[in-house]
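Participant: Output the structure for:
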Amino acid sequence: MSTEDIPQVVEVERESFPTIWPQTAYRRELQNNLAHYIVITEPSDPAEAAAPASGVWGALRRLVGTPPPAPEHLLGFIGVWMMAGEAHIVTVAVRERYRRMGIGERLLIACIELAMESGQEVVTLEVRKSNDAAQLLYDKYGFERVGLRVRYYTDNNEDAVLMTTPDLASSSYRALFGRLRTEHRARNPDLWQ
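Facilitator: Predicted structure coming up:
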């Protein structure tokens, strides 16, 4: 993630969560040596960006100097803090119309890869108790339920399920992760370019 991504990150966050971080919080996070934010984007339609605007609206856009569309469209993001032996996922979100397309899973894979490359022992996270879809994805990637944070979410006092992976260096986890990564890449090759 770069500072240029922050406005789109806020848009995705607004679609995904009842309360959102201010843009200043993301600016601070980008200065935090423990924090790592990964975004997944798609290029804007080059034909649309290159096409001249026509009619009254086109003339108005040219007159007021409306900037061209952003070169990339942010689809989702994940934030992780690298702490002593632990990669802790602090946020993950995907634009509503792009959900159930493998993007959240691709972000999770990237996060686990980063944790492995950084020598972390485990990946941890909190997830809303009611978020069954996310819990199923985390289950698939070997996360285990290890605790409950009562009234963790301040917007509605919902409990959070604390989940963690097994030891990332174990041969059994590496085999599971490798298989799932390969399967995801085969199903979603466009997300691996």
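
Participant: other SSEs contacting the longest helix seen in the chain?
Facilitator: Ranked by number of residues, the top helix in the chain under DSSP state H is helix 171-187. Under the contact criterion of 3 or more CB pairs under 8 Å, 6 or more residues apart in numbering; DSSP states H and E, helix 171-187 touches helix 103-117. Quick note: C-beta positions are derived from backbone N, CA and C, even for glycine.

Participant: Now the helix it packs on: buried residues?
Facilitator: By neighbour count, with 16 or more other CB atoms under 10 Å as the criterion, the buried positions of helix 103-117 are 103-112, 114-116.

Participant: Distance from the chain centre to it, please.
Facilitator: 9 Å (CA atoms, centre = their mean, to the nearest Å).

Participant: tell me the angle of that helix relative to helix 171-187?
Facilitator: Computed by axes from the mean of the first three to the mean of the last three CA atoms, to 10 degrees, the angle separating helix 103-117 from helix 171-187 equals 140 degrees.

Participant: Could you list every helix and strand that whatever helix or strand comes next after helix 103-117 packs against?
Facilitator: Using DSSP states H and E, the helix or strand that follows helix 103-117 towards the C-terminus is strand 122-128. The contact analysis (3+ CB pairs under 8 Å, 6+ apart) places strand 122-128 against strand 86-94, helix 103-117, helix 132-140, strand 160-164.

Participant: Tell me which helix or strand residue 73 sits in.
Facilitator: Here residue 73 is covered by strand 72-83, with elements defined by DSSP H and E.

Participant: Pretty sure residue 140 sits against residue 179.
Facilitator: No - the pair residue 140 and residue 179 fails to qualify as a contact (CB atoms under 8 Å) at a distance of 10.8 Å.

Participant: Nothing else from me, thank you.
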